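Colleague: Next one to model:
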Amino acid sequence: MYFSDFARRPVDEHTPCGVNPNNLEEFEEIKRQINNINKVTGRVSWKKVQQLSKDILKHKSKDLRCGCYYAVASAHNDGLSGFVDGLNSILDLCVVYWSSSYPEVSKASARMGAFEWLVEHAERRAKQFNVTVEDRAMLEAGHRVCLRIEEELRLHYGHKAPSLGTIRRLFSQYIDEIKELEDKQEAAQKKAKEQKESQQKMPSPSVPGGITVNVKPPVAGKPSPVETEAEKSRSTIWTVAAVVGLFLFALSAYYIHNDKVLNSYQQKIASNNIPALLEVTEDLKRENKDTLNKLKEPLIRTVDSIVYDLDKSPEKIGQISALVSITDNLSELYSDSSSVKVLSTELQRVKLQLEKDFDDITSRFSRARTAIANLNRDSKDVNTKLAYQYSNSLFPLLGRIEYAEKTNSAEELDRSLILINVYLHKIAQLKATQKNKSLNQVVAE
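Modeller: Residues are numbered from 1 along each chain as shown. Next up is the predicted model:
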């Protein structure tokens, strides 16, 4: 599979990354086109955006914003193949020119903003792709490129790095749909082959040479053979009818039971409740393949929505062990699903990052508290004494957690939770204020 390499090639021998495109007329035209997205009557010329951004990347500047514009424009103009080619161009910029490309490496917010814009607008377009079985290799390539871009971003920004998760999940969803279609086609071909073979083995029916009519009158005094045969025929019909009735009743009961079980699973999945999802994934180990296939997409989609922004949800963080068990069960149930593999990897990454962050905070907390203690020991200043006395109030949450760990005290753990809730309440207030400001700005505009 070939991808274009213009983003990887230097602009020229002396200045590989070229110049900052902010003052280029072509870049201004791209921004004018992009601004039309938010206008009711505005129309974006994606062909112009694609041509101009590619020209800048080839001849004038290695700019991450232009890379993102090129990828989205290519998705609009050339569909899946164009989008994956655009993503590969972004990967080339990240790998080859990260430290010297534009915006400057010191402008982290501008760079992250470009990737956030990419995810938002590429997702809208990617949802409209009409993929076929032949697109599977391209989808898998796109999924791999997304993972590599995320690895590069995490290398530079850690857990604050923008995520291409929504695009990755779309690729995974398309791949799983193609796999299911291939399985159905294979099963249909196998069934058709078996039917053909069975027809070939079936013997041809023999054709009678003529018709024999028995006109001999019945012997008097003997029971009529016609009546006997009729009675036997009626008895056979009733027997067959009873068997068929019982079979239909059992079949109906089976399907009614299956529908009831399936509906119960679907309700639990739709609840987005982690304990309920854990129960579902445990129970599915005893279900048939048909039930597993019907629940595959909604189950993976629901778990994916829970894992998304996990590190920002205290309620979910408290149930991370259950989430790990859920993804383990999914890996067992759907071992061939790339979406499940991505979910497991992402969950482990978040879990390890949280543990690392806590270790880092604890280390800084210990150093700060030691510094205050040393300062208090060597100083007779009243303010220093007060600072030492209230040092735990400077680091209340970590102090509580550390003390609770040392004493193994349930009461101290409850106090830590109360303290967390105080922080969460304040954060909720700040978020509400920020939301109101944003709404007011929109109304004012």
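
Colleague: for the nearest residue to residue 97 once chain neighbours are set aside, phi and psi?
Modeller: Leaving aside its chain neighbours, residue 97 sits nearest to residue 62 (4.4 Å; criterion: Cβ to Cβ, 6 or more residues apart in numbering). C-beta coordinates here come from the backbone N, C-alpha and C atoms, glycine included. With angles defined as degrees, to the nearest 10, residue 62 sits at phi -90, psi 90.

Colleague: Work out which residue lies at the spatial centre of this structure.
Modeller: Among the residues of the chain, the one closest to the centroid is residue 169, at 3.7 Å (Cα atoms, centre = their mean).

Colleague: Retrieve the pLDDT associated with that one.
Modeller: Listed pLDDT for residue 169 reads 93.

Colleague: what about it, which SS state?
Modeller: helix (DSSP: H, G, I helix; E, B strand; the rest coil).

Colleague: sorry, back to before: residues touching the residue nearest to residue 97, list them.
Modeller: When contacts are counted by Cβ atoms under 8 Å, 6 or more residues apart in numbering, residue 62 touches 7, 11, 16-18, 93, 97, 100-102.

Colleague: Go ahead and confirm the residue nearest to the centre of the chain touches residue 338.
Modeller: No - contact criterion Cβ atoms under 8 Å: residue 169 and residue 338 do not qualify, at 10.2 Å.

Colleague: Nearest to residue 45 among the contacts of residue 62?
Modeller: Nearest to residue 45, judged by Cβ to Cβ, of the contacts of residue 62 is residue 7 at 21.6 Å.

Colleague: what's that closest one in contact with, if anything?
Modeller: So residue 7 contacts 57, 62, 67, 89-90, 92-93 (Cβ under 8 Å, 6+ apart).

Colleague: Out of the contacts of residue 62, list just those in helices.
Modeller: 93, 97 (DSSP state H).

Colleague: Buried ones among the contacts of residue 62?
Modeller: Listed as buried from the contacts of residue 62 are 7, 11, 17-18, 93, 97, 101-102; burial here means 16 or more other Cβ atoms under 10 Å.

Colleague: now the residues you listed as a markdown table including distance to residue 245 and pLDDT?
Modeller: A markdown table is the format used below for the buried ones among the contacts of residue 62 (distance: Cβ to Cβ, whole Å; pLDDT from 0 to 100):
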| residue | distance to residue 245 | pLDDT |
| --- | --- | --- |
| 7 | 71 | 94 |
| 11 | 81 | 94 |
| 17 | 80 | 95 |
| 18 | 82 | 95 |
| 93 | 71 | 96 |
| 97 | 76 | 95 |
| 101 | 76 | 95 |
| 102 | 78 | 96 |
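
Colleague: I'd like to know which of those residues is nearest to residue 78.
Modeller: Checking these one by one against residue 78 (Cβ to Cβ), the nearest turns out to be residue 7, at 15.8 Å.

Colleague: Now do the closest one against residue 319, distance only.
Modeller: 42 Å (Cβ to Cβ, to the nearest Å).

Colleague: now for the helix or strand containing residue 259, which elements pack on it?
Modeller: Per DSSP states H and E: residue 259 is located in helix 225-270. Helix 225-270 is packed against helix 274-283, helix 289-307, with contacts defined by 3 or more Cβ pairs under 8 Å, 6 or more residues apart in numbering; DSSP states H and E.

Colleague: Right, I'll call it a day here.
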